[in-house]
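1. just a sequence and a predicted model for now, questions to come.
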Amino acid sequence: MKQNNMLAMILAGGRGSRLHDLTNKVAKPAVSYGGKYRIIDFPLSNCANSDIDIVGVLTQYESVLLNSYVAAGGRWGLDAKDSGVFVLPPREKADADLDVYRGTADAISQNIDFVDTYSPEYVLILSGDHIYKMNYAKMLEEHKANNADATIAVIEVPMKEASRFGIMNTNDTGRIIEFEEKPAEPKSNLASMGIYIFNWKLLREMLIADRVNEDSNHDFGKDIIPAMLEDGRNLYAYKFQGYWKDVGTIDSLWEANMDLLDADCELDLSDPAWKIYTEDVTTLPHYVSADAVVKNAFVTQGCVIKGEVTGSVLFTGVKIGKDARIIDSVLMPGAVVEEGAVVNRVLVADGVTIGKGAVVGAADSEHIELIAKDVEGVR
């Protein structure tokens, strides 16, 4: 392990139920984003760019596509000798019918033998369903400088939204003195990002003890971190400054895609110094007809545009028919909008067809509508 004897474990087993039909057949981290990426590309690329070369991806629900996708470690430069991305599904039965991880800590606990194989000094725990760019090497530097037992990445959120997050209360040195899970009256706005660095020897001991605790939720936020604080361990907050998005809902996934249209967006997907690696799909360049109108749009390769596209994001292979209008919308790979149809302020799922002359969405809708099934056209 090149990065100071640290390996990474990515928690990628979430069901993603608030994304509705988008996660009926694929795991949340495998959901498409930003024209040609998948959400899992971000933590994997961060690992590669941070010089971390051993990564375990812990999968669970609807994981077939995700398993095959992450198994190709070469996409992120993690296929050289002594490096790799390893798929780690649940191995212990939590009930009679289903193999599941009982909580985030249990996911790591079930894979202690995998971690032990590499004898790391530090373990980096990541959520697999957030969009951001972070140098984990810098976080590790602070962890070591503070002589910490655990370091937790935090981001400042608006105080009025702090009650939605796990909140870290710190002293003047950045040491965490209290953790509150979704407090009704938060004392600070330092929200946990679900990114942790632990000293492996200590964490290993705590996971083994937690495994047999019948009163435990087997969760980092609910059990492991509070136990460390109660024991007087050195826990420090690592303040992250930059773009970060938890795309747990249709609205937030739409917002994260629409952010790419903002010239001042901190998430630069074309930055050669911190590349976001993904699957290299072979396809034709995009085509825009002479009669088409494209304004403030993010258009990916393979798109064919014959209508009007305004303030929208088009993923690979999207086709827009003549006189069709796409307004403030996100169209995922292979979506088709036929002639004369109007698509306004919606998210169209992979491969869905909006029929000729159909109208979906509305400019004044309170929430973003997900179009996950074909819409019949006007006859």
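-> Perfect, thanks for sending it.

2. flag the shaky bits of the protein, pLDDT-wise.
-> 1-4, 15-16, 62-63, 73, 79-82, 92-99 (pLDDT under 70).

3. which residue packs closest to V87, ignoring adjacent ones?
-> Sequence neighbours aside, N67 is the residue nearest to V87 in space, at 4.9 Å (criterion: Cβ to Cβ, 6 or more residues apart in numbering). Every C-beta, even on glycine, is put in place using the N, C-alpha and C of the backbone.

4. quick one, phi/psi of the one you found?
-> The phi/psi pair for N67 (degrees, to the nearest 10) reads phi -60, psi -50.

5. just the helices in the stretch 1-150 of the chain please.
-> Ranges of helices within the stretch 1-150 of the chain are 41-49, 64-70, 104-109, 112-118, 136-145, based on DSSP state H, counting those that start in this stretch.

6. and T316, which of these is closest to it?
-> Closest approach to T316 among the helices of the stretch 1-150 of the chain is made by helix 41-49 (13.8 Å; Cβ to Cβ).

7. I'd like to know which elements that closest one is packed against.
-> strand 6-12, strand 54-59, strand 122-127, strand 130-132 (3 or more Cβ pairs under 8 Å, 6 or more residues apart in numbering; DSSP states H and E).

8. ok, back up a step: contacting residues for the residue nearest to V87?
-> Neighbour list for N67: 59, 87, 89 [criterion: Cβ atoms under 8 Å, 6 or more residues apart in numbering].

9. equivalent analysis for D219, please.
-> 103-106.

10. what ranges do the strands span in the stretch 101-250 of the chain?
-> 122-127, 130-132, 150-156, 166-170, 176-181, 190-199, 235-239, 244-246 (DSSP state E, counting those that start in this stretch).

11. mind giving me TSV with the ones you listed and columns for mean neighbour count?
-> Shown next, in TSV, are the strands of the stretch 101-250 of the chain (neighbours: other Cβ atoms under 10 Å):
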stretch	mean neighbour count
strand 122-127	24
strand 130-132	21
strand 150-156	23
strand 166-170	20
strand 176-181	16
strand 190-199	24
strand 235-239	21
strand 244-246	19
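
12. nearest to F42, of those strands?
-> strand 130-132 (5.4 Å).

13. ok, the closest one: who's next to it in the sheet?
-> Here strand 130-132 is paired, per DSSP bridges, with strand 244-246 (antiparallel).

14. and the next helix or strand past the strand it pairs with?
-> helix 250-258 (DSSP states H and E).

15. name the next helix or strand downstream of that next one, please.
-> strand 287-288.

16. nice, that's everything, thank you.
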